[in-house]
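Trainee: Could you work out the structure for the sequence below:
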Amino acid sequence: MAAAEGAEAIPPPTEQGDTVPQPVGGNEPNSASSPPPKKEEEKALWLDAWSNRLAGVRAFSSCLALSDIYSNGDWKLLVADAQSKLKIFSGTDMLMENALLDTPCAICSFYTDYTDPTHKPAIAVASGSAVFTYKNFKPYYKFFLPIVEINSIEADVWSNIRQGKATIPSATDILEHAKENGVMLSSRSLEFLAIENNDEKQHFADECKNQPLIQQTVITAMTVLKKDKDDPLGVGYLVIGTENARILILDSQFNILRKLQLQAAPVFICPTGLYDVDYRICVACRNGCVATIKNGEVLAMQIELESQICGMVRVDKSIIVGTMANSMHSFHVKGKKQYSIYLPHAITNMEAVSIERARGSKACIVALANGEVRVYNGKIMINSIKVGEEVTGMIFGRYGREDTTLLMTTASGAVLIKILPRLATLEVPKGLVTTPPPEQDIPLKVPKKTRLYVEQTDREKDFGIAMHRVFQRDLCKLRLQTARAYVKILTDGQGPLSYTGGSSLRLTAHVQGLGPLFKIKLNIQNTGAKPLSAIPIVFTYNKSIYQMWKPYMLIPVLVPSLVYHHEVDVRCIDESAGSDVIRVYVCSATSSVPIITALVNMPLTDFLLP
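Mentor: Numbers count the residues shown, from 1 in each chain. Reported below is the predicted structural model:
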């Protein structure tokens with residue numbers, strides 16, 4: 001088969017068992033001059049099958065699909081290009097190219113029934129708020145998302161504007177209040193609130209008030225859930241995620257079977273199981289959480305991540321999530337975290353790998369922003385290749401008649417195809433297996449029991465109850481002494497909180513400045529239920545080191561729960577002296593004991609500052 005223009009011709013790999021031809025005749029090389037035998041190099045995991053740098057493909061992973069469109073066992077690559085084109089690749093050539101009505105966001109291939117004699121799959125392309133379905137490369141069905149229900153508050157506002165019962169400022173206040181309370185507003189209301197000038201708002205309202213208030217949502221993600229057979233040729237149901245944070249499950253006749261509400265818009269969907277038996281759908285949302293849907297119900301359990309999600313795949317019973325913090329986290333389907341992997345660059349794509357012919361051979365492929373593609377089995381990297389540029393789309397599966405093919409699209413529009421050898425496995429090499437150290441199997445040398453140890457053991461057996469009672473008595477005494485000391489601190493006014501004389505205050509003080517002029521900032525709060533009035537505050541300090549112009553102040557009133565801020569200036573007058581402590585006393589008019597006391601540790605003074 002001739003390669004397409006711009007394709008790179010790559011020689012076929014050497015089959016296993018081939019030998020390198022040796023020169024005929026001549027003496028064998030001298031052992032002294034010949035280099036020492038090298039260790040057999042590790043074989044590459046991927047075989048370069050084909051690459052076309054001039055393909056001009058602009059597509060992400062959600063816009064790539066593999067399908068047997070002719071039902072002849074020769075699988076094709078379906079690409080929903082960002083240039084509103086549906087491209088189909090077969091082997092090393094582009095088979096055909098069809099125009100789409102809108103920019104696509106996802107593409108899927110699924111079977112609608114078992115009665116079709118040709119048993120050809122349908123191709124679903126999600127664009128905007130519609131799903132365009134093709135059969136035999138001809139339009140088959142067009143599904144529109146249902147209209148979003150408008151909140152009654154928003155509907156009343158626009159109805160009053162249309163009838164002239166509401167002014168622009170009042171309508172703005174009502175819509176802003178509804179938005180703050182979590183009401184999902186329509187695009188018209190959001191555009192109305194974004195306008196700052198009231199005259200422009202009035203002009204916008206006059207143009208829109210006679211039009212029906214309709215909100216149409218768009219599709220954010222789409223995938224396929226098998227109906228009753230876990231088979232590539234089994235009937236599938238479409239699972240659609242929308243911008244208004246909903247998950248729709250459509251049957252083969254495009255009827256809505258389930259309509260589920262999430263907390264945020266879905267971006268990645270990973271289904272597993274069978275709809276008629278038992279199924280589970282993991283949904284990565286835009287708020288950085290992973291929600292789980294089990295048999296038509298949204299579970300209360302959610303996986304919360306520290307940053308936004310940029311990729312999610314399911315490997316066996318684990319969910320591997322890639323985040324924008326350059327990290328991958330693995331969770332069990334029930335939500336328990338298993339491990340984390342921190343990467344040197346940002347994650348652009350993730351894809352799950354499963355080899356059916358080798359049981360248990362499952363891994364995760366991760367594409368990084370620096371053009372590196374890594375393969376992880378668990379938390380161990382088993383292979384890494386350099387593509388040379390950023391990978392924008394990636395899909396693994398059957399292409400042509402090869403079951404293990406990796407197809408990638410890059411930022412420059414290239415298409416790269418790599419094949420996993422038939423004898424390759426995804427098992428972790430023995431040298432990389434993280435097993436316990438061999439020292440763990442060596443038994444410890446336990447010393448022999450001495451006579452003192454035996455006597456101590458007999459004593460604990462005979463007097464165990466008495467020893468426990470003595471320990472409990474000493475522990476209670478220690479708790480009692482600690483409580484008494486704490487109460488004494490509070491009653492003497494030496495703690496951060498005080499309850500002396502029926503008043504409850506909180507006092508904090510800190511110093512600002514480098515010297516010789518300082519500023520002490522006080523924060524006083526009445527934590528009690530009754531207000532306090534005429535509260536004096538006194539400062540005591542070493543007059544040979546510091547100077548204060550107001551060592552005494554009177555607070556007129558302290559209202560409960562309010563924090564009062566006061567500032568006092570302090571000047572250091574002795575250059576040779578170090579630092580000292582300034583005490584702050586909040587006094588009471590009815591008692592000689594201060595209500596609360598604070599100690600301010602003054603810093604060293606820097607007299608070299610201007």
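Trainee: hey, which helix or strand in this structure has the poorest pLDDT?
Mentor: strand 497-498 (a mean of 58; mean pLDDT, DSSP states H and E).
Trainee: Return the mean pLDDT over the helix or strand that comes right after that strand, rounded to an integer.
Mentor: For strand 497-498, the succeeding helix or strand toward the C-terminus, using DSSP states H and E, is strand 505-512. Across strand 505-512, pLDDT averages out at 86.
Trainee: Need the contact partners of strand 505-512.
Mentor: Outside strand 505-512, the residues that touch it by C-beta atoms under 8 Å, 6 or more residues apart in numbering are 496-498, 518-528, 532, 558, 584, 586, 595-596, 598, 600-603. The C-beta positions use only the backbone N, C-alpha and C, and glycine is treated the same way.
Trainee: Which parts of this structure are helices?
Mentor: Using DSSP state H, the helices assigned to the chain run over residues 152-163, 168-180, 187-194, 198-208, 451-462, 464-491.
Trainee: How far does the fifth one sit from its chain's centre?
Mentor: In other words, helix 451-462. Taking C-alpha atoms, centre = their mean, to the nearest Å, one finds helix 451-462 lying 57 Å from the centre of the chain it belongs to.
Trainee: Now it - C-alpha only, CSV.
Mentor: This file holds the C-alpha atoms of helix 451-462, laid out as CSV (Å, rounded to 0.1, in the frame of the first residue of the first chain):
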residue,chain,number,x,y,z
ARG,A,451,16.0,-12.9,85.9
LEU,A,452,15.1,-9.2,86.4
TYR,A,453,12.7,-9.4,83.5
VAL,A,454,11.0,-12.5,84.8
GLU,A,455,10.6,-11.0,88.3
GLN,A,456,9.2,-7.8,86.8
THR,A,457,6.7,-9.8,84.8
ASP,A,458,5.6,-11.8,87.8
ARG,A,459,5.2,-8.6,89.8
GLU,A,460,2.9,-7.1,87.1
LYS,A,461,0.8,-10.3,87.1
ASP,A,462,0.4,-10.3,90.8
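Trainee: quick one: buried residues of that helix?
Mentor: For helix 451-462, a neighbour-count test (16 or more other C-beta atoms under 10 Å) marks nothing as buried.
Trainee: The second one too?
Mentor: By neighbour count, with 16+ other C-beta under 10 Å as the criterion, the buried positions of helix 168-180 are 168, 171, 172, 174, 175, 178.
Trainee: okay, those in JSON lines with distance to residue 206 and pLDDT next?
Mentor: Listed next are the buried residues of helix 168-180 as JSON lines, based on distance: C-beta to C-beta, whole Å; pLDDT from 0 to 100:
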{"residue": "168", "distance to residue 206": "10", "pLDDT": "88"}
{"residue": "171", "distance to residue 206": "13", "pLDDT": "89"}
{"residue": "172", "distance to residue 206": "15", "pLDDT": "89"}
{"residue": "174", "distance to residue 206": "18", "pLDDT": "90"}
{"residue": "175", "distance to residue 206": "17", "pLDDT": "90"}
{"residue": "178", "distance to residue 206": "22", "pLDDT": "87"}
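Trainee: who's the nearest residue to residue 132 once chain neighbours are set aside bridged to?
Mentor: Take residue 132 and drop its neighbours on the chain: the residue closest to it by C-beta to C-beta, 6 or more residues apart in numbering is residue 125, 4.8 Å away. Residue 125 forms beta bridges with residue 107, residue 132, as assigned by DSSP bridges.
Trainee: Run through the residues that contact residue 125.
Mentor: By C-beta under 8 Å, 6+ apart, residue 125 lies in contact with 80, 86, 100, 104, 106, 107, 131, 132, 133, 134.
Trainee: which one of those sits closest to residue 448?
Mentor: Relative to residue 448, the closest of the contacts of residue 125 is residue 106; by C-beta to C-beta it sits at 71.9 Å.
Trainee: one step back: would you turn the helices of the chain into JSON lines with distance to residue 117?
Mentor: Listed next are those as JSON lines, based on distance: least, C-beta to C-beta, whole Å:
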{"stretch": "helix 152-163", "distance to residue 117": "50"}
{"stretch": "helix 168-180", "distance to residue 117": "55"}
{"stretch": "helix 187-194", "distance to residue 117": "46"}
{"stretch": "helix 198-208", "distance to residue 117": "52"}
{"stretch": "helix 451-462", "distance to residue 117": "85"}
{"stretch": "helix 464-491", "distance to residue 117": "84"}
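Trainee: Out of those helices, the one nearest residue 444 is which?
Mentor: Of the helices of the chain, the one closest to residue 444 (C-beta to C-beta) turns out to be helix 451-462, at 16.7 Å.
Trainee: So what angle separates the directions of that closest one and helix 464-491?
Mentor: Computed by axes from the mean of the first three to the mean of the last three C-alpha atoms, to 10 degrees, the angle separating helix 451-462 from helix 464-491 equals 80 degrees.
Trainee: In the stretch 451-600 of the chain, where is pLDDT below threshold?
Mentor: 490-502, 577 (pLDDT under 70).
Trainee: which phi and psi does residue 121 have?
Mentor: Per-residue torsions, residue 121: phi -80, psi 160 (degrees, to the nearest 10).
Trainee: Wait, it touches residue 66, no?
Mentor: No: between residue 121 and residue 66 there is no contact under C-beta atoms under 8 Å: 10.5 Å.
Trainee: Which neighbours do those two have in common?
Mentor: What both residue 121 and residue 66 touch, as defined by C-beta under 8 Å, 6+ apart, is the set residue 109.
Trainee: These two: who's more crowded?
Mentor: residue 121 (23 against 19; other C-beta atoms under 10 Å).
Trainee: Report the contact partners of the more buried one.
Mentor: Neighbouring residues of residue 121 by C-beta under 8 Å, 6+ apart: 67, 68, 69, 71, 109, 110, 111.
Trainee: cool, residue 503 as well?
Mentor: 526, 528, 530, 532, 588, 595.
Trainee: I'd say residue 409 and residue 64 touch.
Mentor: Yes: Residue 409 is within contact range of residue 64, at 7.1 Å (criterion: C-beta under 8 Å).
Trainee: between these two, what contacts are shared?
Mentor: 79, 393, 394.
Trainee: Write down the beta-bridge partners of the second one, one by one.
Mentor: By that I understand residue 393. Under the criterion used (DSSP bridges), residue 393 bridges to residue 409.
Trainee: Compare the shared contacts of residue 409 and residue 64 and tell me which is most surrounded.
Mentor: Highest neighbour count within the shared contacts of residue 409 and residue 64: residue 79, with 27 neighbours (other C-beta under 10 Å).
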